[in-house]
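my questions concern the predicted model and sequence given below.
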Amino acid sequence: MILGNLQHLMEWIKGFLEFHNRVPAFDNIWSSLPRYPGNYVPRKSYRLLSQVSGKEMRSILIVILGVFTATLHRKTDIARPTASQEWEFKRAITCVQYLPDFALLSRYRSHTDSTIGYMREYLQEFHRTKDVFLRYQATKATKGRVDVVSKELTEWNKSRNVEANPNGHTAAQKPRTAAEDRDERAYLVNQVLEEDSYFNFPKIHLIMHWADQISPYGSLPLYSTEVCEISHKALKDAYRQSKYVDNIPQIIQSYTRSHSFAVRELDMTAWATEDPAI
């Protein structure tokens, strides 16, 4: 469950960086992470990762705050942030700090009242600052509405400018008018995104109960679903080997064949280690 929320967080971060033109800097820092034991070093930028495993996501959990902070504080080969951007950057860094901290604490196999209190505190701070990513939680329907509104506003601005200046703008007026139209469109798009976006979905809601459940039921790793997810791997591999048409019989046949070979290999290993004298 927490890895699902981290995937949401990574999508918010990606949208935030695209909006503020910080994606190349993030990719550069991301791809230059040093190697050390237990650390997953990505071979390509996060944008190009089609699927992230649980192990990889846990490694990302450890480094994401440093990479994100270094990206927003980078001063070379990048435009200097405005005052409003600096305020947004600070709030985004705070939000990105607290969700991974909460996730790392939730993976403890034993807890005290202090660690449970820290979990509540970190989650509270995450909820206090998560609105900085609200516009990046937009659904496909909202994004489609944004495109429509943006096109309508562009057409309306064109007709308004023609009515106000039938002979066309002067060379001095053109950049000023274009900047005003751009700011107006950005404000309207942001308003639509924030009005139609929300954080009310199950994965965000469920983590609010975790701290209360640890005392009566034990640490959260006891209830991990990763064992079930691992058991799906063989079926997923069999599906990839199928022709994707009438695939259920192919999956069963492929899985049965690989399982039979595995059992046969175990039998041969057992026979090879048997004492001939017995």
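That came through fine.

now the helices for the stretch 1-150 of the chain?
2-19, 23-31, 54-73, 83-106, 113-129, 140-164 (DSSP state H, counting those that start in this stretch).

least confident of those, on average?
Per-stretch mean pLDDT for those is lowest at helix 140-164 (a mean of 66).

which one of the helices of the stretch 1-150 of the chain lies nearest to R264?
R264 lies closest, by Cβ to Cβ, to one member of the helices of the stretch 1-150 of the chain: helix 54-73, at 29.3 Å. To be clear about C-beta, it is placed using only N, CA and C from the backbone, and glycine gets the same treatment.

circling back: could I get the helices of the stretch 1-150 of the chain as CSV with mean neighbour count and distance to L222?
Below are those laid out as CSV (neighbours: other Cβ atoms under 10 Å; distance: least, Cβ to Cβ, whole Å):
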stretch, mean neighbour count, distance to L222
helix 2-19, 18, 14
helix 23-31, 18, 33
helix 54-73, 17, 16
helix 83-106, 18, 12
helix 113-129, 16, 15
helix 140-164, 12, 37
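
just send those helices back as JSON lines, with distance to R240 too.
Output for those, formatted as JSON lines (distance: least, Cβ to Cβ, whole Å):
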{"stretch": "helix 2-19", "distance to R240": "21"}
{"stretch": "helix 23-31", "distance to R240": "27"}
{"stretch": "helix 54-73", "distance to R240": "19"}
{"stretch": "helix 83-106", "distance to R240": "30"}
{"stretch": "helix 113-129", "distance to R240": "37"}
{"stretch": "helix 140-164", "distance to R240": "27"}
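
nearest to H232, out of those helices?
helix 54-73 (12.1 Å).

so what's the residue nearest to P81 when sequence neighbours are not counted up against?
Nearest residue to P81 in three dimensions, chain neighbours excluded: F89, at 6.2 Å (Cβ to Cβ, 6 or more residues apart in numbering). Taking Cβ atoms under 8 Å, 6 or more residues apart in numbering, we find F89 in contact with 20, 72-73, 81.

what's the farthest-apart pair in those?
H20 and H73 (12.6 Å).

distance check, E155 against E11.
The gap separating E155 from E11 is 31 Å, by Cβ to Cβ, to the nearest Å.

same deal with A103?
From A103 to E11 the distance is 16 Å (Cβ to Cβ).

domain parsing for the protein?
2-138+200-223, 139-196, 232-272 (automatic domain parsing).

returning to that earlier point: for P202, see how far away the residue nearest to P81 is.
30 Å.

just L222 next, same as before
21 Å.

same deal with Y98?
Counting by Cβ to Cβ, the gap from Y98 to P202 is 20 Å.

now do P81
35 Å.

just E121 next, same as before
Taking Cβ to Cβ, one finds E121 at 23 Å from P202.

and if you look at I13?
In terms of Cβ to Cβ, I13 sits 21 Å off from P202.

again, but for S159
Relative to P202, and taking Cβ to Cβ, S159 is found at 45 Å.

closest one to W271 among the helices of the stretch 1-150 of the chain?
helix 54-73 (34.3 Å).

next, the buried residues of stretch 202-216.
204, 207, 210-211, 214 (16 or more other Cβ atoms under 10 Å).

from these, which single one is nearest D246?
Nearest member of those to D246, counting by Cβ to Cβ, is I204, at 39.0 Å.

secondary structure element holding the closest one?
Element membership of I204, judged by DSSP states H and E, is helix 202-206.

residues near the residue lying closest to S219 once chain neighbours are set aside, how many?
Among residues not flanking S219 along the chain, R109 sits closest, at 5.1 Å (Cβ to Cβ, 6+ apart). Neighbour count of R109, defined by other Cβ atoms under 10 Å: 9.

R109 and F68, how far apart?
28 Å.

before we move on, what about F261?
The value you get for F261 to F68, if Cβ to Cβ is used, is 45 Å.

next one: I248
From I248 to F68 the distance is 43 Å (Cβ to Cβ).

over to I62?
12 Å.

what does E125 give?
16 Å.
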